[in-house]
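Trainee: quick one, what's the 3D model for this:
(one chain, ligands or ions: 1)
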Amino acid sequence: MNTNLRLAEKEDYDEIYAVVKESFKTAYHSDGKEQDFVVKLRNTKDYISDLEFVIELENNNSNSNTCSSSISNNSGNNINNSNNSNNNSNNNGNNNINNSNNNDIGNNSFNMEYIDNKDIIAHIMYTKTYVMDDKGNKIHEAIHLAPVSVLKEYRNKHIGSNLIKKTLAIVKNKGFDVVFLAGDNKFYKQFGFKPIRFFGIKYAGKFPEDLLDNLMALELVPHSLNNISGFIFLD
Ligand SMILES: CC(C)(COP(=O)(O)OP(=O)(O)OC[C@H]1O[C@@H](n2cnc3c(N)ncnc32)[C@H](O)[C@@H]1OP(=O)(O)O)[C@@H](O)C(=O)NCCC(=O)NCCS
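Mentor: Below you'll find the predicted structure:
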């Protein structure tokens, strides 16, 4: 059984809604509205269609239970995860995957007994956000990672962490240098995220005092936040 990471398309939106809703039913933290948050984000000017991804199961009638992966859009064209398109080779009209340093999504073998009619098993999206000064002026463009979802049946197989690693590389290749999120510190520190207080960034909204370390930032480009102080708002 293969998994495929590709851009989300409009035809996927209903299925994504269901995947996000179902996934957050068993989240450590949830307000039960994450699926609506996805819809809301898509309707803002900060939405980036090139940074919304799904992982789908391929060949779900296959008897094989070995996973491999590729990156493509729904039309079968591979996503070029590089600023340098010279890396493409012409192989019967197909482009090679320019993601060789991190091509490990789904390289695990696992029993696919849970396969049903669902094809999409995971989703992630990134939208624009901004560091603001105390007057609300935007002083630095950044990226907000939210939400990320893996259906319960497919968890603990590194699908979520590989999805995050791979797509963060794409975010970086698009020229963004900082990513913010509100999420579990214990989960996100493996990717290099640190609490925003570490960078002198504050939160403009309300957030539980004892969970402040769950407001996190990742410098995709080292030292990007060195000379920046201000506020973020992730809503
Ligand atoms: C978070 C999520 C995307 C991880 O997907 P996944 O495919 O299971 O991730 P991986 O297999 O790469 O990693 C699993 C590991 O992360 C840990 N983990 C998962 N969610 C965690 C959380 N919120 N806090 C701390 N650790 C967490 C698991 O316990 C597991 O740990 P282990 O490797 O020591 O056993 C998935 O659990 C999910 O969709 N959860 C519901 C939605 C959600 O909470 N999303 C946002 C997270 S802030």
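
Trainee: Thr26 should be in a helix, yeah?
Mentor: No. According to DSSP: H, G, I helix; E, B strand; the rest coil, the state of Thr26 is coil, so it is not within a helix.

Trainee: okay, now it: neighbour count?
Mentor: Summarising burial for Thr26: neighbours were counted as other CB atoms under 10 Å, giving 10. (C-beta placed from N, C-alpha, C; glycine too.)

Trainee: so what pairs up with the nearest residue to Asp213 once chain neighbours are set aside in the strands?
Mentor: Using CB to CB, 6 or more residues apart in numbering and skipping residues adjacent in sequence, the residue nearest Asp213 is Pro195, 4.3 Å away. Residues in a beta bridge with Pro195, per DSSP bridges, are Met216.

Trainee: quick one: Pro195 from Phe207, how far?
Mentor: 11 Å (CB to CB, to the nearest Å).

Trainee: swap in Asp36?
Mentor: In terms of CB to CB, Asp36 sits 20 Å off from Phe207.

Trainee: try Ser49
Mentor: Distance from Ser49 to Phe207, by CB to CB: 29 Å.

Trainee: tell me how many other residues crowd Asp235.
Mentor: 13.

Trainee: hmm, it is touching Gly205, no?
Mentor: Yes. The criterion here is CB atoms under 8 Å, and Asp235 meets it with Gly205 at 6.0 Å.

Trainee: now tell me which helix or strand of this structure has the poorest mean pLDDT.
Mentor: In the chain, no helix or strand scores lower on mean pLDDT, DSSP states H and E than strand 69-71, which sits at a mean of 48.

Trainee: going along the chain, name the strands of the chain.
Mentor: Assigned by DSSP state E, the chain shows strands spanning 2-7, 47-58, 69-71, 120-132, 138-150, 178-182, 194-195, 201-203, 215-219, 230-232.
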